[in-house]
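>>> What follows is a protein structure lacking sequence information:
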């Protein structure tokens, strides 16, 4: 029998596990021959051994002397071959719902509801099916073995075929089974054997394997890797395997070992009791050895739809589809090494273990353990805290004080001999009769030159705590024992220790977490308390007693300390506040090895830019030595020489782990330099600071400086961060090198340091246009998901600065870059209803790359709009235009009433990174002379659109042509002259395709187009094509019905032309071709001219608007607080009308656009003497002003508004709107303009009160 390294603890835990029946399963079902041959008693023994798999040691009953070593082999302990007709409920549980209320969206903002109906077993397969139920509702399935099969260590095999597409996320994974050991996720761990993120989208054929662990959420970390070994995972079954040993996880696909993760790259930092088990009121503890992956886990199979890593499904996502599983098998390594649980595994020694990745700088450190700061406050009495900086030191002697309520009796003695240990001193606190507290307070350090009063417990990751030992001698039930942190009344945070946590009559260690203290501010209602400021804590420990009626409490307190944990070295503090931040020395007579432990180093092209620390090897480009300077006042300096070889080098002082330099953000890097010999270098010297390259400030050319004389150089940190430096993880104190390295160059350095303040003016906040050339602007950008961005030199113009973004190898499909910081632009992007474009110069490695630009509201990121455009060239600059009136499918529509102050750019959105680099520049409002990518609808009014048109067969296309009936409207003209082929026409999206796929569905198969033909009865053919394969196409035809007049033709692609391919909803169509008089050549028909416009998806909206046409998708754009839908007529349920709710508190100008931003199919036919429209209205009250506004489609400033007033309540009436009677102060009607959009306002001028208005039959000139 195998025993656990935790001894009695293990016995205790396993007794509990047995009681909970965690390993109950029937061995008779297993298909392994070794199991079939076991007797009942043998099975029980083997099962017991498996239960105790986590308990190390050697069996004391093992016989001595010679014996044959048992065979180490994988033995099956769990299997489901899915041979039945239903899921085996003895092995599996089915998860249901959306995770609410405890874990809504299953913790990832997933869209699906899990349902039992989506899980089935048939034909030897498990099928977990994802479905689109309509109206944005998705269902799918998730099953797990928790409580029916829980295990640790062994081999897990799953043979599966996965679903694919945008928004699709299948997973095979393991999750901890017992949160009482290390707590919840992620401290208890997660092992993802296989995940597919948007598999097969944009050439993403990778599957991922990941381990989650670390600090408590949301500061957790993960280690992940991807492989394309299963590039057809959605078409074929593949074997996904995990081998789990103590301290090591190996991942395989189809027998190929592709990834290893070991315990050096995971950890569990969790609150624990004295026995090491999870206790929310215990101090944080770093799990031993391979924790948390030394406990019981269970298997989960699920198919998620949507969620943070994948986004929402789009029009190309297929439903239904399924995660199909052939089998699940789990083996244990029989007779394995009891300490390592190894002996059966298969290892490819060439597979290097992955290093931790969390997006946090500690990914580059040598350890995966968290960074920790500890400050003792009381041990045998209040602490005297000494702080030394350089040659200066000061002390802070903590003082004991307290507050006593009016009727309270208090003992507050910090120097009492412990009755249980006369060598120990404790703090005796006793309170009765009324509220009272005792506290440790900072010494008043107002006059101290170095220290400020109070403490700094600030942190980047809220994983700090107050820890203390307490013996409750007595306490009346109902009494409150409260622990506080105090930044000065009334700004405190506080936590009450639950009575269930009290240990009366014995010592116990208690921990009060910073996150709970911050979340519970005191004195909010009575005194305006703002909560504790962790960066300014005056009283670092407050213990308050609120006695129950006639109650009291008597306690001893000892060993009080603050502990603060985070990922980034220096990212959390537990220290005295300082009056003036001291200089951080890099070099002053010697290198500050305490911070910059690597010391002096260099790298050059000759070494392959491998670092070297030997400054005397003349074979290297750079040599150096620390010498006594000729100026005795200088003492020791660094003498550096770059030789005259053809290599290029850099010289630096470095640390192995990231140093948090955020405290120096307002300061500068300073150093003294003298260049003794510039050699042939006429361009001067360059410096920079790195944060684990490629994270860097970028090169800062200092020019020709210090030529033969000592000079002090000051570089403001703001200039370094503006160009990409991450101050939270600086790993070079300075990098210096000659800009041009021709000839032998010698320079000396001294007094290298970081200072906390500088006289250099602060950088201005980033704003449009973003050019990266203004040295006074903060060009900091914020990367996420694996992107890395720095300011670099334009690859085509060395005098121009641009941003270079690398989408790192394996980075997320949604990796992006915030243009600026979380503060966004200095001013909002000035978008309006008619001005909806931004532009950006882009230099891409490939053509056809989707570049997405997203705008967000600064205060509410849910208020956003995003659009995409494609690059059209490679390795060359082009200006891309982003039109926010054409938003990405399933993302919010552009709302001109909102403000957008933040922009995010995504390169090759939807595809994982491969290390490719993108350059970008000149982010501007408007089109900046660039052209946006074509998309439906095609109106020919857009002045900044690349129509990407190509004619064929002898036709001629002219754009920007005046409408033959309305000169203010722009249309396209196609001439089919004599000699033109019978198949001649024009294609739009010829080179780049439309920006989005045409969103065909089973019920939506139509496009429409306005046509002006010289003849009636002319066949007009429309053809749509796949962007990459023109053979994937569909064609349909319709006839003109009028001559020399406009009409809207509808093209139904479900009725394809005989002999041509049928519409295939599984395909993507992104080109549109138009053929006039198809089948007749130009010579036969004669020279003909055709006008056309408004090529759009679906049947267009046009007057009259009745809401009764099933082919029209009636839409509304509400603003200001309105909400409009189609609804049943309140008088005639068979009639469909529009219903507008003017919400409570909505704006006086709240309104509703009839349709969408494309307006009506045809301009409203106003002319002199005919300027009226009518609308049927059902109002809740008489006397309600109803305003109707009509606008030009391209320019919303060309508009006219008029009003009518309801005369009856709760009854239909027809209101007439005469636009010659325009509202005072608004433009008059101009019948020579084109008006194609209508906006309705109910009770204009009055705030909303949730009144509902019904309306119908919007007509021109009279009643329908």
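Perfect, thanks for sending it. Keep in mind that this is a model prediction, so the values were computed, not measured. Numbering: from 1, shown residues only.

>>> how about the nearest residue to residue 191, chain neighbours excluded?
Setting aside the residues directly before and after it, residue 191 is nearest to residue 174 in space (CB to CB, 6 or more residues apart in numbering), at 4.2 Å. For the C-beta atoms, the positions are set from N, CA and C on the backbone; glycine is no exception.

>>> beta partners for the one you found?
The residues listed as beta-bridge partners of residue 174 by DSSP bridges are residue 191, residue 299.

>>> check contacts around it.
156, 190, 191, 192, 193, 242, 297, 298, 299, 300 (CB atoms under 8 Å, 6 or more residues apart in numbering).

>>> for residue 400, same thing?
Counting by CB under 8 Å, 6+ apart, residue 400 touches 382, 412, 414, 427, 438, 439, 440, 441.

>>> Let's have those in TSV, adding secondary structure.
Putting the contacts of residue 400 into TSV (DSSP: H, G, I helix; E, B strand; the rest coil) gives the following:
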residue	secondary structure
382	strand
412	strand
414	strand
427	strand
438	strand
439	strand
440	strand
441	strand
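
>>> farthest pair in the residues you listed?
Across the contacts of residue 400, the longest distance by CB to CB is 13.8 Å; it joins 427 and 441.

>>> quick one, which of these two is more surrounded?
residue 427 (25 against 19; other CB atoms under 10 Å).

>>> is the more buried one in a bridge, and if so with what?
Under DSSP bridges, the beta-bridge partners of residue 427 are residue 557.

>>> Now do the contacts for it.
Under the criterion of CB under 8 Å, 6+ apart, the contact partners of residue 427 comprise 378, 400, 413, 414, 415, 416, 438, 556, 557, 558.

>>> same thing but 10 Å
Contact criterion CB atoms under 10 Å, 6 or more residues apart in numbering gives 378, 380-382, 400, 412-416, 438, 440, 468, 470, 541, 543, 555-558, 560 as the residues in contact with residue 427.

>>> what pairs with residue 1239 across the strands?
Those that pair with residue 1239 in a beta bridge, by DSSP bridges, are residue 1153, residue 1189.

>>> I figured it was touching residue 1175, is that so?
No: in this structure residue 1239 lies outside contact range of residue 1175 using CB atoms under 10 Å: 11.9 Å.

>>> higher neighbour count, those two?
Higher neighbour count among residue 1239 and residue 1175: residue 1175, with 22 against 19, using other CB under 10 Å.

>>> tell me which element that one falls in.
strand 1172-1178 (DSSP states H and E).

>>> Check residue 493 too.
Assigning secondary structure by DSSP H and E places residue 493 in strand 492-496.

>>> what's the angle from the helix or strand just after that strand to strand 492-496?
Scanning forward in sequence from strand 492-496 by DSSP H and E, the next helix or strand is strand 507-513. Orientation of strand 507-513 against strand 492-496 (axes from the mean of the first three to the mean of the last three CA atoms, to 10 degrees) gives an angle of 140 degrees.

>>> State the mean pLDDT of strand 507-513.
Per-residue confidence for strand 507-513 averages out to 96 on the pLDDT scale.

>>> Output the contacting helices and strands for the next helix or strand after it.
Later in the chain than strand 507-513, the nearest helix or strand by DSSP H and E is helix 514-519. Using 3 or more CB pairs under 10 Å, 6 or more residues apart in numbering; DSSP states H and E, the elements in contact with helix 514-519 are strand 463-475, strand 480-486, strand 492-496, strand 552-566.

>>> Redo these as a markdown table? Include mean pLDDT and distance to residue 536.
Shown next, in a markdown table, are the helices and strands packed on helix 514-519 (pLDDT from 0 to 100; distance: least, CB to CB, whole Å):
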| stretch | mean pLDDT | distance to residue 536 |
| --- | --- | --- |
| strand 463-475 | 96 | 15 |
| strand 480-486 | 96 | 10 |
| strand 492-496 | 95 | 12 |
| strand 552-566 | 94 | 14 |
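
>>> Spit out the residues that contact residue 427 and residue 441 alike.
382, 400, 541.

>>> Among those residues, which one sits closest to residue 87?
Where the shared contacts of residue 427 and residue 441 are concerned, and distances follow CB to CB, residue 87 has its nearest neighbour in residue 541, at 54.7 Å.

>>> what are the bridge partners for the closest one, then?
When bridges are taken as DSSP bridges, the partners of residue 541 come out as residue 440.

>>> any idea how far residue 398 is from it?
With the distance defined as CB to CB, to the nearest Å, residue 541 ends up 9 Å from residue 398.

>>> who's more crowded, the two?
In terms of neighbours (other CB under 10 Å), residue 541 is the more surrounded of residue 541 and residue 398; the figures are 26 against 23.

>>> list the contacts for the more buried one?
Remark: with contacts taken as CB under 10 Å, 6+ apart, residue 541 is in contact with 377-378, 382, 398, 400, 427, 438-441, 466, 468, 483-486, 512, 557, 560-562.

>>> Map the structural domains onto the sequence of the chain.
The domain map for the chain lists 8-76, 80-364, 374-576, 588-755, 782-927, 945-1097, 1116-1260, with the assignment taken from automatic domain parsing.

>>> Put together CSV for those, with distance to residue 936 on each row.
As requested, these are exported to CSV (distance: least, CB to CB, whole Å):
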stretch, distance to residue 936
domain 8-76, 56
domain 80-364, 12
domain 374-576, 46
domain 588-755, 39
domain 782-927, 8
domain 945-1097, 5
domain 1116-1260, 9
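
>>> Select from these the stretch with the lowest mean pLDDT.
Lowest mean pLDDT within the domains of the chain: domain 8-76, at a mean of 39.

>>> Kindly check the end-to-end length of stretch 517-527 for me.
End-to-end distance for stretch 517-527: 18 Å, by CA to CA, to the nearest Å.

>>> contact partners of it?
457, 462, 464-466, 482-486, 489-496, 513, 529-534, 542, 544.

>>> ok, 6 Å please
Contacts of stretch 517-527 with the rest of the structure, by CB atoms under 6 Å, 6 or more residues apart in numbering, involve 485, 490, 492, 493, 494, 495, 529, 531.

>>> buried set for that stretch?
By neighbour count, with 16 or more other CB atoms under 10 Å as the criterion, the buried positions of stretch 517-527 are 517, 518, 520, 521, 522.

>>> now swap in stretch 576-596 and tell me
By neighbour count on 16+ other CB under 10 Å, the buried set for stretch 576-596 is 576, 577, 578, 583, 584, 585, 586, 587, 591, 592, 595, 596.

>>> Over to the last one: give its phi and psi.
Note on residue 596: its backbone torsions stand at phi -110, psi 70 [degrees, to the nearest 10].

>>> Show the contacting residues for it.
By CB under 6 Å, 6+ apart, the contact set of residue 596 is 653, 655, 733.

>>> again with the first one
The neighbourhood of residue 576, defined by CB under 6 Å, 6+ apart, consists of 387, 396, 451.

>>> how near is the first one to residue 395?
This means residue 387. Separation of residue 387 from residue 395 (CB to CB): 7 Å.

>>> what's the answer for residue 629, then?
Taking CB to CB as the measure, residue 629 and residue 395 are separated by 36 Å.

>>> in the stretch 1-150 of the chain, which spans are helices?
In chain order, the stretch 1-150 of the chain shows helices spanning 8-19, 33-36, 40-51, with DSSP state H, counting those that start in this stretch as the criterion.

>>> next one: the chain
With helices called from DSSP state H, the chain shows them at 8-19, 33-36, 40-51, 179-182, 514-519, 524-527, 717-722, 1082-1085.

>>> who touches the last one?
What it means is helix 1082-1085. Outside helix 1082-1085, the residues within contact range by CB under 6 Å, 6+ apart are 976, 977, 978, 979, 980, 1077.

>>> farthest-separated two in those?
The most widely separated members of those, counting by CB to CB, are 979 and 1077 (14.0 Å).
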